[in-house]
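In: Predicted model and sequence follow; I will ask about them next.
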Amino acid sequence: MRDPAVFHLVLIKPTHYDDDGYPIQWVKAAIPSNTLACLNGLAEDASRRQVLGPDVAIRVHTYDETNRRVRPARIVRMIRRAGGRALVGLVGVQSNQFPRAVDLARPFLHAGLPVCIGGFHVSGCFAMLPQMPEEMREAAALGISFFAGEAEHGRLDQVIRDAWDGSLQPLYNYMNDLPTLEGEPPPILPRKHVRRVSGQLSSLDLGRGCPYQCSFCTIINVQGRKSRFRSADDLERAIRENYRQGNRRFFVTDDNFARNRHWEPLLDRMIQLRVRDGLKIGFTIQVDTLCHRIPNFIEKAAQAGVRRVFIGLENINPDNLLAAKKRQNKITEYRAMLQKWHEHGAITCAGYIIGFPGDTKESILRDIEIIKRELPLDVLELFMLTPLPGSEDHKVMWQQGTWMDPDLNKYDLNNRVTHHQVMSDEDWDTAYSEAWQSFYGLDHLRTILRRTAAHPRGRPHTTLTTLLWFKLMTMFEGIHPLEGGAFRRKSRRDRRYGMPLESPFVFYPRFAGEIAGKASGYWSVYRRARAILKEVLAAPDRRNYRDLATSPPEDDEFDRLDLYHATAGGEAALARKRREDALRTGRGGNASIAAAD
């Protein structure tokens, strides 16, 4: 029965296209969407508060296109059958997802439904550019509205009211008024989404914003440089609401949880929920390279159930770090920091950027070998240095008229979208590809597994699963592992707007061949990797294994390791450390974390 007193809020997190123009989708995706979790929490709260009045029911429909095919025609029919009015929100849209978001919007607009796009691309462009870029002007001409900023503090309520009244505004711009987070509805993903994420991982954010100035980063300009936080009570409410529907593992999406000034009460509350209340919860967090200098931070993180950490390592050449304004990273701290996380049983994953001004093909591959040999790192996430809209790098290149690839779909940190000052395009592409192959070669996988298996808290099986995910995505899927997943979906009719629809006699045989070829390749790699794991676990000296990366620091390591001597920047960083050590010794005290910064 049609009910005119119904408002349908359709929230879609889009994916982006592969090189053949098909949406990248999986039966199970790699990571959850925190934006979708935040918007879903706000929307459900708006529904409970009856923001359209007691006579209008708000129905929230959520879709994560990375793990579910979105069919606009079916959604339109669902709305037509149920009756009422609707708003389609394309949420958390990153630059590489903007073309797909616009393509998804077209059939909804054709059906007369209002559409609004928000996320990092829209917010970043309004934050950093004096005018809307061409792709946004074209989208606006189609009738798409934009939302820049964050939706807390009743801002989503206003959009819902405007859509209900038929007066949706072309632009909602809150970039100059970022909200506080304390007391706001907690992020929550419906269980149907969590089941479609590898490891059944949900997400939440405990803080937004970052005080640093990295020129390649969009977060500082989209979420601001003044950090805003949720309280420990907010955290507990989020965990308990998620726990009631079976969500027990969480990816804390804060760009740098170690710089959340409330980290201790937050970790204490996690510990309390685990120990006192018996909640079986676990966390993945993101931190900086100086987190180990904060007293008790790693110890409490381990007690709170943090078993995996993402670290913004970015590079081991201090000259490159300084060029990107990432002055807070100190290569002289990398080994101590990674070893301390390992001592507490965490799997370490580090981001690493290729294509800084000082890079050459030779220096990139040399530095990867140094990392493999001297840093006890489990997982390395390689990225192309990319001028993302919303970053200082993009703004400067836009102002200078420097060439940047006009196809936003390529801005996924896995494709080169500009030219390098020194390297040829071919050398840059080759260095990126060979760096992946080098770190995830089977010989180095064996080394990583031996390091993990030697430690009583090590998790060699979980480590191997993670390593295989990264290796297989880059070898056989041709995408960045963070966009990967299990069992690729591909739908013939969902091809990118403007590209021809392929014949079923071409599409399906080729797709079947791809599946067969990948399955064979997957099995071949998996079989060899499992054999390596079996060998490592059975080794009689398993617990006694040591290598340069895992050996405790020695007095002369700063004189011996290539990490400090392969680059001029490394020599300068070592000299600075020795001056700081001499000053600390002279004062007779220990440096604070603030001094280290």
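Out: Right, received. Where do you want to start? Numbers count the residues shown, from 1 in each chain.

In: Going by C-alpha atoms from here, please, whenever you check contacts or count neighbours.
Out: OK.

In: from what I can see residue 6 touches residue 53, true?
Out: No - the pair residue 6 / residue 53 is not scored as a contact, 11.0 Å apart, by C-alpha atoms under 8 Å.

In: Same drill for the two, tell me which one is more crowded.
Out: The neighbour count for residue 6 versus residue 53, taken as other C-alpha atoms under 10 Å, is higher for residue 6 (20 against 11).

In: Can you pull the phi and psi angles for the more buried one?
Out: Dihedral angles of residue 6 (phi, psi; degrees, to the nearest 10) stand at phi -130, psi 140.

In: Find me the pLDDT at it, would you?
Out: With respect to pLDDT, residue 6 scores 95.

In: what sits against it?
Out: 56, 57, 58, 59, 82, 83, 84, 85 (C-alpha atoms under 8 Å, 6 or more residues apart in numbering).

In: now with 10 Å?
Out: 52, 55-59, 79, 82-86, 164 (C-alpha atoms under 10 Å, 6 or more residues apart in numbering).

In: So which of those sit within helices?
Out: Judged by DSSP state H, the contacts of residue 6 include 79, 82, 164 as members of helices.

In: quick one: which helix or strand includes residue 569?
Out: Using DSSP states H and E, the element containing residue 569 is helix 568-587.

In: correction: residue 153
Out: Under DSSP H and E, no helix or strand contains residue 153.

In: Run a quick neighbour tally on the residue lying closest to it once chain neighbours are set aside.
Out: Leaving aside its chain neighbours, residue 153 sits nearest to residue 179 (6.6 Å; criterion: C-alpha to C-alpha, 6 or more residues apart in numbering). By the criterion of other C-alpha under 10 Å, residue 179 has 19 neighbours.

In: and residue 179, which of the three is it?
Out: When classified by DSSP: H, G, I helix; E, B strand; the rest coil, residue 179 comes out as coil.

In: Does it touch residue 209 like I think?
Out: No - taking C-alpha atoms under 10 Å as the definition, residue 179 is not a contact partner of residue 209, at 11.0 Å.

In: Return the set of buried residues in stretch 199-209.
Out: Neighbour-count burial for stretch 199-209 flags 200, 201, 202, 203, 204, 205, 206, 207, 208, 209 (criterion: 16 or more other C-alpha atoms under 10 Å).

In: quick one: which of the ones in helices among the contacts of residue 6 is nearest to residue 429?
Out: Using C-alpha to C-alpha, the shortest approach to residue 429 within the ones in helices among the contacts of residue 6 belongs to residue 79, at 46.2 Å.

In: List the residues that contact the closest one.
Out: With C-alpha under 10 Å, 6+ apart, residue 79 has these contacts: 2, 6, 7, 8, 10, 73, 85, 86, 113.

In: go with 7 Å
Out: If you count contacts by C-alpha atoms under 7 Å, 6 or more residues apart in numbering, residue 79 has none.

In: roughly how far apart are it and residue 539?
Out: Residue 79 is 61 Å from residue 539, where distance means C-alpha to C-alpha, to the nearest Å.

In: and if you look at residue 84?
Out: From residue 84 to residue 539 the distance is 66 Å (C-alpha to C-alpha).

In: now swap in residue 50 and tell me
Out: Counting by C-alpha to C-alpha, the gap from residue 50 to residue 539 is 63 Å.

In: Check residue 46 too.
Out: 58 Å.

In: okay, those two: which has more neighbours?
Out: Ranked by neighbour count (other C-alpha under 10 Å), residue 46 and residue 539 place residue 46 first, with 19 against 14.

In: Name the helix or strand for that one, please.
Out: Taking DSSP H and E as the criterion, residue 46 maps to helix 34-48.

In: What residues sit buried inside that helix?
Out: For helix 34-48, the neighbour count (16+ other C-alpha under 10 Å) marks 34-47 as buried.

In: Same question for stretch 78-89.
Out: Neighbour-count burial for stretch 78-89, with 16+ other C-alpha under 10 Å as criterion, is recorded at 79, 82, 83, 84, 85, 86, 87, 88, 89.

In: tell me how far the ends of that stretch are from each other?
Out: This stretch, stretch 78-89, spans 16 Å end to end (C-alpha to C-alpha).

In: what's near enough to touch residue 198?
Out: If you count contacts by C-alpha under 7 Å, 6+ apart, then residue 198 has 28, 29, 30 around it.

In: try 10 Å
Out: Counted by C-alpha under 10 Å, 6+ apart, residue 198 has contacts 27, 28, 29, 30, 31, 32, 484, 485, 486.

In: quick one: buried residues of stretch 338-355?
Out: Buried positions in stretch 338-355, judged by neighbour count with 16+ other C-alpha under 10 Å: 338-339, 341-342, 344-350, 352-355.

In: Need the max-distance pair from the residues you listed.
Out: For these, the farthest-apart pair by C-alpha to C-alpha is 344 and 355; their separation is 33.0 Å.

In: Could you list the low-confidence segments of the stretch 151-300 of the chain?
Out: Regions of the stretch 151-300 of the chain meeting the criterion pLDDT under 70 are absent.

In: I'd say residue 155 and residue 51 touch.
Out: No - contact criterion C-alpha under 10 Å: residue 155 and residue 51 do not qualify, at 11.5 Å.

In: Please enumerate the helices of the stretch 301-450 of the chain.
Out: 318-323, 334-343, 361-374, 392-400, 425-439, 442-454 (DSSP state H, counting those that start in this stretch).

In: and residue 222, which of those is closest to it?
Out: Between these, helix 392-400 lies closest to residue 222; by C-alpha to C-alpha that is 11.3 Å.

In: For that closest one, enumerate the helices and strands it packs against.
Out: Judged by 3 or more C-alpha pairs under 10 Å, 6 or more residues apart in numbering; DSSP states H and E, helix 392-400 is in contact with helix 120-128.

In: what comes into contact with the helix it packs on?
Out: Contact with helix 120-128 is made by 91-98, 131-133, 136, 146-150, 173-176, 218-224, 388-392, 394-396, 408, as judged by C-alpha under 10 Å, 6+ apart.
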